[in-house]
Every structure is written in structure tokens, then in C-alpha cells.
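Undergrad: Here's my sequence, what's the structure:
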Amino acid sequence: MNSSFLFNVTTIAYFAAMVIFIVYLAGKSKTVGFVATLICWAGFLANTGAIGMRWVEAYDMGYQQAPLSNLYESVVFFAWSILLIYLLFDLKYKQRAIGAFVIPFAFGGMIWAQWSLDATIAPLVPALQSNWLTYHVITCFIGYAAFAMACGVSIMYLIKVGKEEKSAEESPIGGILGMFPSTKVLDDLNYKAIMVGFPMLTLGIITGAAWANYAWGTYWSWDPKETWSLIVWFIYAAFLHARFTRGWVGRRVAWLSIFGFAATIFCYLGVNLVLDQQGQIVLRLCFCHCRGCGRLQGRTNDCFDRTVSRGSHFLQHSFYAARNGNKINARPLKFLF
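TA: Below is the predicted model:
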């Protein structure tokens, strides 16, 4: 048995839990909800074991690194974080209907990782060999997971409040929507999830700055990844500010929560995918030009600094190594957090 097997078990468990939570909403059986929760715990334990086993596998290969170093590992850790947040909220609030709207995020991440992403364990580039990176990833993804929880709860809120507004006051909502928590509870859970996620995101940005200073000698450079991280931070800061000072509740904060999570996903994946393509283009242009005539060698730093984030600076190092005839053994950065 290896980590890949346990990750497959995790994916199956999350899928089963998602389906059973939907059945729970339709059938209104507490036993079904309890079974779905048990499967969530089983999947969470399998996910935990898989991450731990992958860590051991990396050490056995001579790589002293936590399993948080590429896109595959970040996605499966994201799924683990979502289950962690959901199960903690379930233990405290016992609102199991929420699972039908939160577990799909974890399952979606796992199925994408298992089917589409490269699971190869490879050595880290020197810039990533820092404990600050581990702290940065853990805090960021726990924050992201709390935002996923808030997004799922907000979707439930908007569905239920929309139905309530269409229904007469004397006719209570039945069916699947009758299994939803009250709009007041959903609004409160949205707020509490963001109260968990916002401090974690703040710590993630701080530890990320410390890591950047260790790796590149500067805490902040306003590259696209850092800028989008700050945008996400301001969105959730605006959420809390509006809640505390303006008394915002209901639809407005639900939509703001959903918008914030969309921005979070773009910061996590969208920025990196765009920048990775830019970095590859710049690398090819600079490399081909320098091979041909040796000009522009002093300008490549500026070229990269203006177009790509720190995550793509490995391409710059690769360019210089290739230009000097050195073999590149480390893999490029597939993402930064």
C-alpha cells in the first residue's frame, strides 16, 4: 500500500459522502446523515494517512521536504483542509445538511488531482527549501478551506432566502429546503467561517513574505501573485468591516463571500496558470535570443520582473543555467500559494 492508493480511497470516500449527503437532504433521515458523516471521517483519515505516507516516501527517496511542494500536493492538502474545517464545524453545530454544499469542493479537488495532475515526487528547487514555505502553505490553505465553507453556506443561504421570499408566510418551506438550517443560522455560519479563514490568510501572507525574504531577499515586490493575495485579503477585510460597522447581514454578505472565494480560487490557480504561460514565453524568447547573438543578457532580469511572479523566477534561473551550459535537475515551480 502506498500514498496513491490511499488518495484513491480518499477520492472514493469523498464522492460517497457527497452522494449520501444529497440523499440525506432528499430523504430526511438522520441515520443517513450520520452515515455520511462517518464516511467523511473515514475519507479524512485516509487523506491524512496518504499525506503522511507521501512524506515518508519523499524521505525514502532522499528528499527532506514536506508534501506541499507542487500543484498535486497542494490540491490534496486543500481537500484535506476543507474536510478539517467542515468536520470541526459539524462537531460544534451539527448542521449536516451543509455537507452537501461543502464536500463537493473537496471531491472536485481530489478527482482533479487524481485524474489530471502529475503526482511525481521530485526535489525542490533551492528557493523552496525553507520551513517558511511549509508554514505559508498550511496557513493559507486552512484559510482557503474556511472560505470554501463560507461559500457553500452562502449558496445555501441564497437558495433558501429566495424560496422564502416567493412563499407565503403561512406556508412553511418543505422538501429539501426544509432540511436547510434557518437563514439566520446560515448567515451566522458564514460569518464564523470567515472569522476562521481571515486570520489564517493573514498569517499566510505574513509567512509568505518571510519566505520571500529568505528566498529572494525582499519581503514584498508587488508581483501578480502577491497583489492578488492582497486583493483577496481586502475582500474579506471588507466583509468583516461591513459586518462590524455597518451591520451587513443576509444577501449582501452572502454574495460577498461567494465573490471572495471566487477571487481566492483565481489567486490560487488562475494567476499561476496565466503566469506560467507568460514565463514560458519569456524564457523561450530570451533563451533563443541569447543563444543567437548573446545580446539582451543584462535585460532579462527586468523582463522577468515585469511579467511574471516570484513563482516563475525559477524559469529565469533555468534560463541562466541553460545559457551557461549547466544541466537543470530541479523541476520548475508549478504554483505558489
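
Undergrad: Residue 123 touches residue 64, doesn't it?
TA: No: the pair residue 123 and residue 64 fails to qualify as a contact (Cβ atoms under 8 Å) at a distance of 9.6 Å. Placement of C-beta: from N, CA and C, glycine included.

Undergrad: neighbour count winner among those two?
TA: Neighbour count, other Cβ atoms under 10 Å: between residue 123 and residue 64, residue 123 has more, with 17 against 11.

Undergrad: tell me the SS of the more buried one?
TA: Under DSSP: H, G, I helix; E, B strand; the rest coil, the three-state class of residue 123 is coil.

Undergrad: just residue 139 next, same as before
TA: Residue 139 carries the three-state label helix when classified by three-state DSSP.

Undergrad: and it, how many residues sit next to it?
TA: When neighbours are counted by other Cβ under 10 Å, residue 139 registers 21.

Undergrad: repeat for residue 94
TA: Neighbours of residue 94 under the rule other Cβ under 10 Å: 10.

Undergrad: can you pull the contacts of it?
TA: Neighbour list for residue 94: empty [criterion: Cβ atoms under 8 Å, 6 or more residues apart in numbering].

Undergrad: distance of it from residue 258?
TA: Using Cβ to Cβ, to the nearest Å, residue 94 is found at 24 Å from residue 258.

Undergrad: Residue 144 now?
TA: According to Cβ to Cβ, residue 144 and residue 258 sit 14 Å apart.

Undergrad: quick one: which of those two has more around it?
TA: Set side by side, residue 144 and residue 258 show more neighbours around residue 144, with 28 against 20, by other Cβ under 10 Å.

Undergrad: Reduced to three states, what does that one come out as?
TA: Assigned state for residue 144: helix (three-state reduction, three-state DSSP).

Undergrad: Quickly find the element holding the residue lying closest to it once chain neighbours are set aside.
TA: Of all residues not flanking residue 144 in the chain, residue 264 sits nearest, at 5.6 Å (Cβ to Cβ, 6 or more residues apart in numbering). Applying DSSP states H and E as the criterion places residue 264 in helix 251-265.
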